[in-house]
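Novice: Build the 3D model from these lines:
(one chain, ligands or ions: 1)
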Amino acid sequence: MDKTAVYPGSFDPITNGHLDLLDRGMKIFDRIIIAVAANPAPSPFFTLKERVEMVRFSLRDHPQRHRLDVDSFQGLLVDYMRKVKSNAILRGLRAVSDFEYEFQMALMNRKLSEEIETVYFMTGMRWIYINSRIIKEVVASGGCVTGLVPEIVERSLAKRFSPSAGKPL
Ligand code: PNS
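Specialist: Modelled structure (predicted):
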């Protein structure tokens, strides 16, 4: 039977660290659903539509695209997991700082649904220092993130933060 995992997140926006984790997950799972949270906290910079589109676009040429689904969800992750009939949550761990947040989330999800397990993969060393927040921070202050995010994300960020556009939308 095919084993499906759900990779949930804000993906605000997707980074090369997320893509790296996806590749690691693909070695273990037959199918992965990238589930973009509709209303993550804090409120996202990009709209749900934009975040989903950037994920889709970033994966368009992925050699394993047929084993990847892109979806969004609202409300509790465990409810979404039941809906798509998966019991494996895929998440990434970078440094020690991620641990407390991930631990809390995994235990809460376990409390909400005993049959669901969270599986962690270590992010590739190249991406250990990046996350969506720091990417946005750098671009907002005029820095370059080439090579750290998919091109579509770089373009979207540039558009939103470009001096001619004035303030970010
Ligand atoms: O990329 P993020 O922001 O670290 O992802 C966090 C996310 C969206 C996976 C998490 O906040 C989540 O699952 N939200 C849905 C609401 C939920 O189920 N909360 C209880 C478990 S923490």
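Novice: biggest helix in the protein by residues?
Specialist: Ranked by residue count, the top helix of the chain under DSSP state H comes out as helix 96-112.
Novice: Up against the ligand, what does this protein have?
Specialist: Remark: the part of the chain in contact with the ligand comprises Pro8, Gly9, Ser10, Ala37, Pro40, Leu76, Leu77, Met105, Met108, Asn109, using CB under 6 Å from any ligand atom. Quick note: C-beta positions are derived from backbone N, CA and C, even for glycine.
Novice: Show me how to select, in ChimeraX, the buried members of the residues you listed.
Specialist: Restricted to buried positions by 16 or more other CB atoms under 10 Å, the ChimeraX selection for these reads:
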select :8,9,10,37,77,109
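Novice: So among the residues of the chain next to the ligand, where is pLDDT lowest?
Specialist: Minimum pLDDT for the residues of the chain next to the ligand is recorded at Pro40 (90).
Novice: any idea how far that residue lies from Ala95?
Specialist: 21 Å (CB to CB, to the nearest Å).
Novice: Also Ile152?
Specialist: Ile152 is 27 Å from Ala95, where distance means CB to CB.
Novice: can you put the residues of the chain next to the ligand in JSON lines and add distance to Arg91?
Specialist: Converted to JSON lines, the residues of the chain next to the ligand look like this (distance: CB to CB, whole Å):
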{"residue": "Pro8", "distance to Arg91": "8"}
{"residue": "Gly9", "distance to Arg91": "8"}
{"residue": "Ser10", "distance to Arg91": "12"}
{"residue": "Ala37", "distance to Arg91": "13"}
{"residue": "Pro40", "distance to Arg91": "14"}
{"residue": "Leu76", "distance to Arg91": "16"}
{"residue": "Leu77", "distance to Arg91": "11"}
{"residue": "Met105", "distance to Arg91": "8"}
{"residue": "Met108", "distance to Arg91": "13"}
{"residue": "Asn109", "distance to Arg91": "10"}
